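J.: sequence and predicted model, in that order:
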Amino acid sequence: MFTERMERILENEHELSAILDGILDECSCAVGTIHRFDQETNALYIVAHHGLPDMLLERVGTIPMGKGMAGIAAERREPVQVCNLQADESGAAKPAAREARMEGSLTVPILDGDTLRGTLGIAKPVAHEFTAEEVAMVMEAGRRIATKL
């Protein structure tokens with residue numbers, strides 16, 4: 001499922017930013033986020049990011065459960081994807097998500113067994129529907145970094 005490089009990153013790297021960079025490289029994505037779930041506030045808080053415009057960073061720093069792609073993925077505990085954020089009318093992506101100028105986007109819950117730890121989001125600058133294999137790979141990456149949150 002993973003390349004040898006990805007296996008090394010997930011096994012040996014402890015810095016979430018470096019792990020996120022490796023996942024983005026592996027998936028040919030330009031933008032990514034890792035949010036940690038806080039049970040007390042029932043919200044997600046950004047702990048690592050790559051490629052987000054500064055103006056968007058403030059808006060995605062805290063995400064309420066059930067709001068936007070990360071909030072929906074966390075609430076449902078299942079992947080959420082949008083083939084083209086710029087044309088999305090499903091309501092899964094917040095309007096501010098268009099400001100990242102990405103199109104193909106995937107957010108998965110980070111689960112430790114049945115326990116929600118956070119979310120992992122990746123995006124490409126072109127329209128893209130992630131395959132079942134790509135989704136499974138990102139879900140597995142999330143499972144492997146759950147203990148680091």
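T.: It's in.

J.: would you map the helices across this structure?
T.: Remark: helices assigned in the chain by DSSP state H are 4-12, 16-26, 54-60, 68-76, 132-145.

J.: so which of these is the most packed in?
T.: helix 68-76 (a mean of 23; mean count of other Cβ atoms under 10 Å). In this view, the C-beta of every residue, glycine as well, is placed from N, C-alpha and C.

J.: just the angle between that one and helix 132-145, please?
T.: Going by axes from the mean of the first three to the mean of the last three Cα atoms, to 10 degrees, helix 68-76 is angled at 70 degrees with respect to helix 132-145.

J.: so what pLDDT did the most centrally placed residue in the chain get?
T.: The C-alpha lying nearest the average C-alpha coordinate of the chain belongs to G121 (Cα atoms, centre = their mean; 1.3 Å). Here the pLDDT value assigned to G121 is 97.

J.: which one of the helices of the chain lies closest to F37?
T.: F37 sits nearest to helix 68-76 of all the helices of the chain, at 6.1 Å, using Cβ to Cβ.

J.: for the residue nearest to the residue nearest to the centre of the chain when sequence neighbours are not counted, what are its contacts?
T.: Distance criterion Cβ to Cβ, 6 or more residues apart in numbering; nearest residue to G121, sequence neighbours excluded, is T107 at 4.0 Å. Contacts for T107 were tallied using Cβ atoms under 8 Å, 6 or more residues apart in numbering; they are 69-70, 72-73, 79-81, 119-122.

J.: 10 Å instead?
T.: By Cβ atoms under 10 Å, 6 or more residues apart in numbering, T107 lies in contact with 32-33, 35, 63, 68-74, 79-82, 92-93, 119-123, 138, 142.

J.: ok, what's across the strand from the closest residue to C27 other than its chain neighbours?
T.: Nearest residue to C27, sequence neighbours excluded (Cβ to Cβ, 6+ apart): I122, at 5.5 Å. On DSSP bridges, the residues paired with I122 through beta bridges are G32, L106.
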